[in-house]
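1. give me coordinates for this.
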Amino acid sequence: MASISVSVPSARLAEELSDIDGADVFVWKMDAAAPRSRIDLVVPPYMAGNPLGWLEGIEVGLVQGQSIGYEGIEDRLPAGSVFANAATVHEAATAELAVALTLTAQRGIDRFVRAQASGDWAPVQTTGLADRRVLLLGYGGVGKAIAARLAPFEVELVPVASRARDEDGVHVHSADELAELLPGVDIVVASLPGGDQTRHIIDDAFLAALADGALVVNVGRGSLVDTDALVAHVRSRGIRAALDVTDPEPLPADHPLWSLEGVVIAPHVGGATDAMHPRIVRLLRRQIGHLLAGEEPENVVIRT
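-> So this is what the prediction gives:
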């Protein structure tokens, strides 16, 4: 059987992959020069800034990221690189947080948590989630996972993607239809990737098209939202926001979003559950299997 070399950023990952016949798994944290001139599969550290410069000068078969998003990665990869993202790893956890943020905002849970600190028993009637029209801005892996979790809440889902299509009995609208769709929705849940094509898709015109008091939930990338426009619409029209990602990020301590009424902020923790580790292990085991069999790896999104 042919053998392949696999670098991983932690001893824990190396241990959990050590039983694969034909795979020589070793730890490389990418904080120093590569220990070998050829590595068939490189797994960079998770959320570790820019260690990809260490790939210069070595021969690499596949770079396997640990995130779904990959904006900006292409510019940091050496020529001739193949990069795969971590689709299948974070969708469930990110969808859980999207639902949690939506419910927090709709049911006033953030208000109750603040009241608990002072022992203030203050019942209120809130907006709720049932019977609301929810626009899903993005209908990839995360968007579909959000749709599956929101459906039992008796909402009307309006999926929107870059192009219109019918998929598994669901009509997906084109982003070109947003101007027509936005006035009729109560909640927008954004899960689009970052990048030039999606930057500030939620801008002043987008927010102005929403009804007063509508809710914007963002679990995609902070760059999807024009932050200054969002602040203005929260202040002037009661637009609400529940954000796992912001622009800038981390959000400065003195930024107005922290103190605005109707805004809930989480510190970019969409995928941060203990489901990540076993799922990344399963993905890596599949990728190693593909490489050993001479097959095309999964999730390839960049070839430089």
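
2. for the rest of this, base every contact and every neighbour count on C-alpha atoms.
-> Noted.

3. what's the first helix or strand after whichever strand or helix holds residue 207?
-> Using DSSP states H and E, residue 207 falls within helix 204-209. Sequence-wise, the next helix or strand downstream of helix 204-209 (DSSP H and E) is strand 215-218.

4. return the set of buried residues in the helix holding residue 207.
-> 204, 206, 207, 208, 209 (16 or more other Cα atoms under 10 Å).

5. any chance of CSV for these, columns distance to residue 46 and pLDDT?
-> Below are the buried residues of helix 204-209 laid out as CSV (distance: Cα to Cα, whole Å; pLDDT from 0 to 100):
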residue, distance to residue 46, pLDDT
204, 34, 98
206, 33, 98
207, 33, 98
208, 37, 98
209, 38, 98
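
6. can you give me the helices for the stretch 1-150 of the chain?
-> Taking DSSP state H, counting those that start in this stretch, the helices of the stretch 1-150 of the chain run over residues 11-17, 91-107, 109-117, 141-150.

7. okay, now the domains of the protein?
-> Domain assignment for the chain by automatic domain parsing gives 4-89+274-303, 91-265.

8. measure residue 85 to residue 74 for me?
-> Distance, residue 85 to residue 74, by Cα to Cα, to the nearest Å: 12 Å.

9. neighbour count for these two, which is higher?
-> Taking other Cα atoms under 10 Å, residue 85 and residue 74 do not tie; residue 85 has more neighbours (19 against 16).

10. apart from its neighbours in sequence, what residue is nearest the residue nearest the centre of the chain?
-> For the chain, the residue nearest the mean C-alpha position is residue 220 (4.5 Å; Cα atoms, centre = their mean). Of all residues not flanking residue 220 in the chain, residue 191 sits nearest, at 3.9 Å (Cα to Cα, 6 or more residues apart in numbering).

11. for residue 158, pull up the helix or strand it's in.
-> Assigned by DSSP H and E, residue 158 belongs to strand 156-161.

12. and that strand, average pLDDT?
-> Average pLDDT, strand 156-161: 98.

13. where does the prediction get shaky in the stretch 201-304 of the chain?
-> Residues of the stretch 201-304 of the chain meeting the criterion pLDDT under 70: none.

14. again, only using 90
-> Applying pLDDT under 90 to the stretch 201-304 of the chain flags residues 304.
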